[in-house]
Each structure stands twice: as C-alpha cells, then as structure tokens.
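Colleague: Kindly return the folded structure for what I paste below:
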Amino acid sequence: MPLVVRRLGGFALAGFSGFAVDAGLTEALAGLGISPYLGRVFAVAVAIAVTYTINRNLTWKERRVPVPGRRARYFAVSLVSIAANYLVFAAALVALPGLRPVLAVAAGTGVGMVMNFVGYSRLVFKNDQAA
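Modeller: The predicted structure follows:
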C-alpha cells in the first residue's frame, strides 16, 4: 500500500474516532444537563488523547522515533485547530438555538481537520528519520 494512502487512511481513522469521542461525549454530557460549551472542553481533551495514539501508531508510525517535545507539539497544534473548531461550534449553537450539540461539533470539524493534518505532518510527525 502506498505510504500516502496509509497516511490518509490512518488520519481518517483517527479523525473519525476523535469525532466520535468528541461528539458522543459532548452530546452525552449535554443530555445529563451539562452545558455543551463546558462538556465540549472535556470531550476534546479525551479526543486529543485518542487521536494522538492512533496518529502516532498508525498514520505516522515510521516517524515515531522518540522525539523530545512531540506530545507538547501535538497538544499545541490540537489546541490551535480546536480553537477554530470551537469557534464554529459555538457560533452554530448561538446562531441556531435548539441545534443538537453533535451537529454543532460536526460544523467545526472540517476546519479543524485541515489544520490538524497540516500541523501534525509539518510540526509534530515531521520527518525525524528517513521514511
């Protein structure tokens, strides 16, 4: 399988898994009466851990040599992209009162996905060794 296909497949798997965790937890916490704005903060933290594990072990597995600061860079890239994602999420909830949180999460995911792929490939899992 070509490397680019495996990377895109791994990134898609990580993204779908992260989205399922993020949207599922946000929706579940909102169902328990927790503000979706607050619940999403918790859900995103869990989703970042899930996507890091998948991306490290599948998407960029040939680049997983120990690199000081990699987890911190992953978290930083994730925070920047989730900030944009969260702004779209919050704007959707404000603009469309009564919108289910899961749909608002979906609205912000596209922006975050592009930002994550670029950031992870260029700043986190850059070619630290010959691939």
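
Colleague: need the longest helix for this protein.
Modeller: Assignment by DSSP state H gives helix 3-31 as the longest helix of the chain.

Colleague: per-residue confidence at Q129?
Modeller: pLDDT, Q129: 50.

Colleague: Isn't R7 up against W60?
Modeller: Yes. Contact criterion Cβ atoms under 8 Å: R7 and W60 qualify, at 6.9 Å. Yep, even glycine has a C-beta here, placed from its N, CA and C like the rest.

Colleague: Can you pull the residues that touch both of these two?
Modeller: Between them, R7 and W60 share these contacting residues under Cβ atoms under 8 Å, 6 or more residues apart in numbering: S121.

Colleague: Does the helix-or-strand element of the chain with minimal mean pLDDT pack against any helices or strands, and if so which?
Modeller: Least confident helix or strand, the chain: helix 101-119 with a mean of 87, by mean pLDDT, DSSP states H and E. Contacts defined by 3 or more Cβ pairs under 8 Å, 6 or more residues apart in numbering; DSSP states H and E place helix 101-119 against helix 3-31, helix 36-54, helix 70-95.

Colleague: quick check: angle from it to helix 36-54?
Modeller: If you take axes from the mean of the first three to the mean of the last three Cα atoms, to 10 degrees, helix 101-119 sits at 40 degrees to helix 36-54.

Colleague: from the middle of its chain, how far away would helix 101-119 be?
Modeller: Mean-position distance between helix 101-119 and its chain equals 7 Å (Cα atoms, centre = their mean, to the nearest Å).

Colleague: Give me the buried positions along it.
Modeller: Going by neighbour count (16 or more other Cβ atoms under 10 Å), the buried part of helix 101-119 is 101-102, 104-109, 111-113, 115-117, 119.
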